[in-house]
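>>> for reference, the sequence and a predicted model appear below.
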Amino acid sequence: MKMSSHLLIVSLAALLLTGCATIEGGFRYEYDGRVLRADGKTPAKGVTVRMARPGAPEAPDLPEKLAKNSVKYIDKNPKSKTDKEGKYLGVLETVKGWKYTEFSGMHTSGPTKPPEPPMLDEVILYVLEKGSNWIGYTMKIPPEAQKDAISGIRKVHVPDLLLPNKPATTQATQPSE
């Protein structure tokens with residue numbers, strides 16, 4: 001009897017030590033689109049593009065020693081360049097989106113496979129042309145442009161972006177004496 005009670009206590013302690021864990025995952029949005037000049041026909045070649053979602057979490061203010069860990073808390077959206085036709089492909093990976101809970105290694109709540117990512121009402125398309133700064137354009141995404149989705153991944157077809165004409169540059173002149 002004494003041996004079985006020790007075994008029971010050790011088993012309960014092991015169960016308590018393994019505890020409860022929450023596993024979180026994000027979503028992946030694979031996007032494509034086209035960037036054109038103001039005339040609507042001329043492709044914008046070699047323009048750097050990246051997509052973000054409005055209201056995405058910002059990097060937290062961490063102490064200097066932990067600052068490099070701040071990238072764990074923000075969406076990942078590597079830059080891509082437009083080709084000769086003005087087309088681009090990119091990926092936006094969100095940090096959070098779904099989660100499930102385990103207790104002692106056993107699933108207790110939530111989906112274990114990522115669900116379909118939610119549709120995006122709008123996105124911010126950031127564009128960088130050579131010799132200028134990043135410019136963000138808020139774009140509405142119609143539901144029919146993002147109907148393809150599977151476990152954790154949604155394809156988004158961003159409408160064409162027409163870049164406004166560049167302002168005319170004026171040449172500086174020397175003031176007259």
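That came through fine.
>>> what's the helix or strand for Arg50?
Secondary structure assigned from DSSP states H and E places Arg50 in strand 48-52.
>>> so what touches that strand?
If you take Cβ atoms under 8 Å, 6 or more residues apart in numbering as the criterion, strand 48-52 is touched by 29, 31, 33, 35, 75, 77-82, 88, 90, 92, 123-129, 136, 156, 158. All C-beta spots, glycine's among them, are computed from the backbone N, C-alpha and C.
>>> so which of the residues you listed are in strands?
Among the contacts of strand 48-52, the ones falling in strands (DSSP state E) are 29, 31, 33, 35, 80-81, 88, 90, 92, 123-128, 136, 156.
>>> ok but Glu144 is inside a helix, no?
Yes. Assessed with DSSP: H, G, I helix; E, B strand; the rest coil, Glu144 lies in a helix.
>>> contacts only, for it.
With Cβ under 8 Å, 6+ apart, Glu144 has no contacts at all.
>>> gap between it and Ile153?
Distance of Glu144 to Ile153, computed by Cβ to Cβ, to the nearest Å: 18 Å.
>>> can you check Gly131 too?
Distance from Gly131 to Ile153, by Cβ to Cβ: 35 Å.
>>> which one of these two has more residues nearby?
Neighbour comparison, Gly131 and Ile153: the larger count goes to Ile153, with 16 against 6 (by other Cβ atoms under 10 Å).
>>> nearest residue to the more buried one in space, please, no chain neighbours.
Closest residue in space to Ile153, ignoring its immediate chain neighbours: Arg28 at 4.7 Å, by Cβ to Cβ, 6 or more residues apart in numbering.
>>> now stretch 139-151: buried residues?
Met139, Ile141, Ala145, Gln146, Ala149 (16 or more other Cβ atoms under 10 Å).
>>> same thing with stretch 25-43?
Of all the residues in stretch 25-43, those buried under the rule 16+ other Cβ under 10 Å are Gly25, Gly26, Phe27, Arg28, Tyr29, Tyr31, Gly33, Arg34, Val35, Leu36, Arg37, Pro43.
>>> ok, stretch 108-124 next?
Pro114, Pro117, Leu120, Val123, Ile124.
>>> show me the contacts for the second one.
This means Pro117. Phe27, Arg28, Tyr29, Thr94, Gly97, Ala149, Gly152, Ile153, Arg154.
>>> please, which helix or strand holds it?
Pro117 is part of no helix or strand when elements are defined by DSSP H and E.
>>> quick one: it from Lys81, how far?
25 Å.
>>> cool, and the third one?
Noted for Leu120: a distance of 22 Å to Lys81, by Cβ to Cβ.
>>> sorry, back to before: what comes up buried for the strand holding Arg50?
Buried, per 16+ other Cβ under 10 Å, within strand 48-52: Thr48, Val49, Arg50, Met51.
>>> wait, which of those is closest to Thr101?
If you rank the buried residues of strand 48-52 by distance to Thr101 using Cβ to Cβ, Met51 comes first, at 31.1 Å.
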